[in-house]
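Asks: Only the shape, not the letters, is given here:
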């Protein structure tokens, strides 16, 4: 029986990590988790230069030796995505881990109340950014012989939930896209996995959905089902760090829920 060549899985001190959405919430928690695990080369992609500077300072405060680049990026803009990935690759020397943890401003709403004009926008603004970034980074990882991509979607991809018809469709698109990318990428040592959280405490998205209206009632009820506790950014970050490193070298194509018991999908 032929033995397949071992994929390139760099130890954290030698790895270059790119985090899209890396200036707050799960993305920033992941950046801190990676430097705690030994990563010293990171690039954070997000829209706001002010939040980018604050995130750089937070990571450097955790690890003074960390080389942290902030690259202003609108992940809805294909030209910016290409430019930012190229800039990150030049700055880091390699892209061994890509984390896509972007959010959109849309909240759950019953379908008959959802403005028709929002349907297409929700699908594209939620689903396309991680797809674009994965598509641009994948050939880099294939060329170098390995890498790990972690996309963040939500449990709406798995569980039919009132108010999340279009959001759920977008999240399901991210999950299936990631699974197919995993099957295609494995020949070149590239792993692709997805995290599908529900409510994540202490994030801008949680503040948005819990502010009022239908989404507030929906997620307050969901929180009551999280008997293990509502997930926090650090809970997601610890799994992202695991998926990015050598300990998960044989794990790909999985969609993993971290939700405190809200669902078992």
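Replies: The structure has been received and is ready for your questions. Bear in mind the structure is a predicted one, so any value in this text is a computation, not a measurement.
Asks: Sort out which residues of the worst-scoring helix or strand of the chain on mean pLDDT are buried, please.
Replies: Ranked by mean pLDDT, DSSP states H and E, the weakest helix or strand in the chain is helix 204-209, scoring a mean of 73. By neighbour count on 16 or more other C-beta atoms under 10 Å, the buried set for helix 204-209 is 205, 206, 208, 209. Backbone N, C-alpha and C define where each C-beta goes, glycine included.
Asks: Please apply the same query to stretch 163-176.
Replies: 163-175.
Asks: can you pull the contacts of the closest residue to residue 92 other than its chain neighbours?
Replies: Once flanking residues are discounted, residue 92 sits nearest to residue 16: 3.3 Å by C-beta to C-beta, 6 or more residues apart in numbering. Contact partners of residue 16, counting by C-beta atoms under 8 Å, 6 or more residues apart in numbering, are 41, 42, 43, 88, 92, 93, 94, 95, 96, 97.
Asks: Which pair in those has the greatest spatial separation?
Replies: Spanning the widest gap among the contacts of residue 16 are 93 and 97, at 13.3 Å by C-beta to C-beta.
Asks: any idea whether the closest residue to residue 246 other than its chain neighbours is helix, strand or coil?
Replies: Leaving aside its chain neighbours, residue 246 sits nearest to residue 9 (4.8 Å; criterion: C-beta to C-beta, 6+ apart). Each residue gets one of three states, and residue 9 gets coil by DSSP: H, G, I helix; E, B strand; the rest coil.
Asks: With residue 106 instead?
Replies: Here residue 106 is recorded as coil under three-state DSSP.
Asks: Could I get the contacting residues of it?
Replies: 118, 121, 122, 125, 126, 167.
Asks: And the nearest residue to residue 97 once chain neighbours are set aside, how far from residue 263?
Replies: Leaving aside its chain neighbours, residue 97 sits nearest to residue 244 (3.9 Å; criterion: C-beta to C-beta, 6+ apart). Residue 244 sits 25 Å away from residue 263, going by C-beta to C-beta, to the nearest Å.
Asks: And for residue 77?
Replies: From residue 77 across to residue 263, the span is 34 Å (C-beta to C-beta).
Asks: Of these two, which one has the most company?
Replies: residue 263 (16 against 13; other C-beta atoms under 10 Å).
Asks: OK, contacts around the more buried one?
Replies: With contacts defined as C-beta under 8 Å, 6+ apart, residue 263 is in contact with 155, 158, 159, 198, 225, 257.
Asks: how about 7 Å then?
Replies: 155, 159, 198, 257 (C-beta atoms under 7 Å, 6 or more residues apart in numbering).
Asks: Quick check: ChimeraX command selecting the buried ones in the residues you listed.
Replies: In ChimeraX, this line selects whichever of the contacts of residue 263 come out buried by 16+ other C-beta under 10 Å:
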select :155,159,198,257
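Asks: chain center to the helix or strand where residue 240 lies, what's the gap?
Replies: If you go by DSSP states H and E, residue 240 is part of helix 233-244. Offset of helix 233-244 from its chain centre (C-alpha atoms, centre = their mean, to the nearest Å): 10 Å.
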